[in-house]
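Student: structural data only, the sequence is not supplied:
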């Protein structure tokens, strides 16, 4: 049911739209960061770093609008949860943008393009993290608590994949001592992607909270 | 990870009913009320917790003031008013709406303050003492002590202690309302009913009354009807939402205003009511 005061619906719609757009931007940044890493694309990496500014601006804009909405509309119940969740989601998404930027910043520091095998491992981890983030943004956009819950349950597969990638990199370091410098960068890149998966899980918790008013905790052991 | 595993998101849980160890000051049970042929209340049941503030909210005509006025039998003043069910005052279980119970006795136990301040055309002192005189308390030193205590409870003593013999009408609207609260408190009621007590007051006077209500709950159980949902959220411990003469939802105020379990409640408090 619409609000009697139409401006409330307009404000909330605008806030949701801004959060979803920030989510799309963060997903695009993660995908672009992984892509420039795989292709060792130095100009592309620079572009990803510069594009993070748009993520920061959008985050700040969402926070301003959420505070304004709370101050002017004095919302209750789910109307109150929406600006609170929007602010917290924006913060999580902004962190995803930072992590994507960090990945891109490491690309020019690599001595050489990653091997095909290492690139494929990192690319797979990146694909999982980006898909997870995209899935939770879709759940947010469609007000889908179950969708958010499903994302929240799945985070362990990214952690497992991350551990596998770390093992591969460490094994490579032992076999090729000359590659230690680049391998350390790869470890950080893998860790950044694993953290993006964690942020997607945090966003899933916020989406679920916004819709149902209940906190998710104690993920069941699968 | 088993991709086929499907676990359902936990549903919103209904808050537990009032625990049995909570002290109850009054219990409304299956209360029906008619204005002549018009039924204004339909099977309303809810507890009123002791030394707490219970807010009754709902749109105009929902029955919230009608319910409040059942507590002190004001409806008895109008022909055709009829009650069914019970409002039991604890711990004795006296049914306030029973025909066998004298409404004057009820009003000695249940004080009420109305929307607009309505001081008697008497002095400040005489206004507060009036309820004591009705109870037969005439000993001067006792009356003096209880008037002072009630004025202090109503947070107006410091403003009027030097002009107790002055007419109550010389006070501001906010002061008059606090005087009316003092008048209601002086006989030491078991319940204090407030019917939109700040709707005629400015924001500063409203803030003083709200602060006072929160403090009063230490001494007396308060039931307040308000259209101001922010006010209900700020000062009450429990909230009841009514619509079309029925109790739609009752619960802890925090739960009602952050995560109501009934859609109708949510629609009302978020301004979606059509």
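Tutor: Perfect, I can see it now. These figures come from a predicted structure and were not determined experimentally.
Student: need the contact list for the residue nearest to residue B:81 when sequence neighbours are not counted.
Tutor: Counting by CB to CB, 6 or more residues apart in numbering or on different chains, residue B:81 lies nearest to residue B:75, which is 3.9 Å off, once chain neighbours are set aside. For the C-beta atoms, the positions are set from N, CA and C on the backbone; glycine is no exception. Contacts here follow CB atoms under 8 Å, 6 or more residues apart in numbering or on different chains; on that basis residue B:75 touches B:33, B:35, B:66, B:69, B:81, B:83.
Student: wait, the fifth one touches residue B:35, no?
Tutor: Yes: taking CB atoms under 8 Å as the definition, residue B:81 is a contact partner of residue B:35 at 6.3 Å.
Student: report how many residues lie close to residue A:53.
Tutor: Counted with other CB atoms under 10 Å in any protein chain shown, the neighbours of residue A:53 add up to 11.
Student: SS state for it?
Tutor: Taking DSSP: H, G, I helix; E, B strand; the rest coil as the rule, one finds residue A:53 in the helix state.
Student: now it: how far from chain B?
Tutor: Distance of residue A:53 to chain B, computed by CB to the nearest CB, to the nearest Å: 36 Å.
Student: how near is that residue to residue A:37?
Tutor: Between residue A:53 and residue A:37 the computed distance is 20 Å (CB to CB, to the nearest Å).
Student: where does chain A dip in pLDDT?
Tutor: Per-residue confidence for chain A (pLDDT under 70) gives these ranges: A:218-222.
Student: quick one, strands of the chain?
Tutor: The chain I'm using is chain A. For chain A, applying DSSP state E gives no strands.
Student: hmm, I had chain B in mind actually
Tutor: B:24-35, B:38-49, B:53-57, B:81-89, B:94-95, B:110-113, B:191-195, B:221-225, B:238-243, B:246-252.
Student: other SSEs contacting the first one?
Tutor: In this structure, strand B:24-35 packs against strand B:38-49, helix B:64-70, strand B:81-89, with contacts taken as 3 or more CB pairs under 8 Å, 6 or more residues apart in numbering or on different chains; DSSP states H and E.
Student: what lines up beside that strand in the sheet?
Tutor: The strands beside strand B:24-35 in its sheet (DSSP bridges) come out as strand B:38-49 (antiparallel), strand B:81-89 (antiparallel).
Student: contacts for the longest one, please.
Tutor: Spelled out, it's strand B:38-49. When contacts are defined by CB under 8 Å, 6+ apart, strand B:38-49 is touched by residues B:18, B:22-34, B:54, B:63, B:66-67, B:70, B:85, B:191, B:221, B:223, B:237-238, B:240, B:242, B:244-247, B:250.
Student: can you check stretch B:152-164 too?
Tutor: In this structure, residues lying in contact with stretch B:152-164 by CB under 8 Å, 6+ apart are B:123-125, B:147-148, B:151, B:166, B:170-171, B:175, B:178-179, B:181-182, B:185, B:208, B:211-212, B:215-216, B:219.
Student: let's see 6 Å
Tutor: Outside stretch B:152-164, the residues that touch it by CB atoms under 6 Å, 6 or more residues apart in numbering or on different chains are B:124, B:125, B:151, B:178, B:181, B:182, B:185, B:212.
Student: may I see the buried residues of it?
Tutor: Neighbour-count burial for stretch B:152-164, with 16 or more other CB atoms under 10 Å in any protein chain shown as criterion, is recorded at B:153, B:154, B:155, B:156, B:157, B:159, B:160, B:164.
Student: pLDDT (mean, whole number) over it?
Tutor: With pLDDT averaged residue by residue, stretch B:152-164 scores 94.
Student: any idea how far it is from the chain center?
Tutor: Relative to the centre of its chain, stretch B:152-164 is centred 23 Å away, using CA atoms, centre = their mean, to the nearest Å.
Student: could you do stretch A:147-160 as well?
Tutor: That offset, for stretch A:147-160, works out to 13 Å (CA atoms, centre = their mean).
Student: which residues touch that stretch?
Tutor: Residues from elsewhere that reach stretch A:147-160 (CB under 6 Å, 6+ apart): A:128, A:135, A:136, A:139, A:197, A:201, A:204, A:207, A:208, A:216, B:1, B:9.
Student: that stretch: which residues count as buried?
Tutor: For stretch A:147-160, the buried set under the neighbour-count rule, 16+ other CB under 10 Å, comprises A:147, A:148, A:149, A:150, A:151, A:152, A:153, A:154, A:155, A:158.
Student: so what's the residue count around residue 91?
Tutor: Just so you know, I chose chain A. As a burial measure, residue A:91 scores 16 neighbours (other CB under 10 Å).
Student: switch to chain B, that's the one I care about
Tutor: One way to gauge burial is a neighbour count; for residue B:91, by other CB under 10 Å, it gives 11.
Student: how about residue B:212?
Tutor: Residue B:212 is flanked by 19 other residues according to other CB under 10 Å.
Student: dump the residue contacts of it.
Tutor: Neighbour list for residue B:212: residue B:155 [criterion: CB under 6 Å, 6+ apart].
Student: mind checking pLDDT for it?
Tutor: Predicted confidence (pLDDT) for residue B:212: 90.
Student: can I get the contacts of residue B:75 in JSON lines including neighbour count and pLDDT?
Tutor: Rendered in JSON lines, the data for these read as follows (neighbours: other CB atoms under 10 Å in any protein chain shown; pLDDT from 0 to 100):
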{"residue": "B:33", "neighbour count": "23", "pLDDT": "97"}
{"residue": "B:35", "neighbour count": "15", "pLDDT": "95"}
{"residue": "B:66", "neighbour count": "21", "pLDDT": "96"}
{"residue": "B:69", "neighbour count": "20", "pLDDT": "96"}
{"residue": "B:81", "neighbour count": "18", "pLDDT": "94"}
{"residue": "B:83", "neighbour count": "20", "pLDDT": "96"}
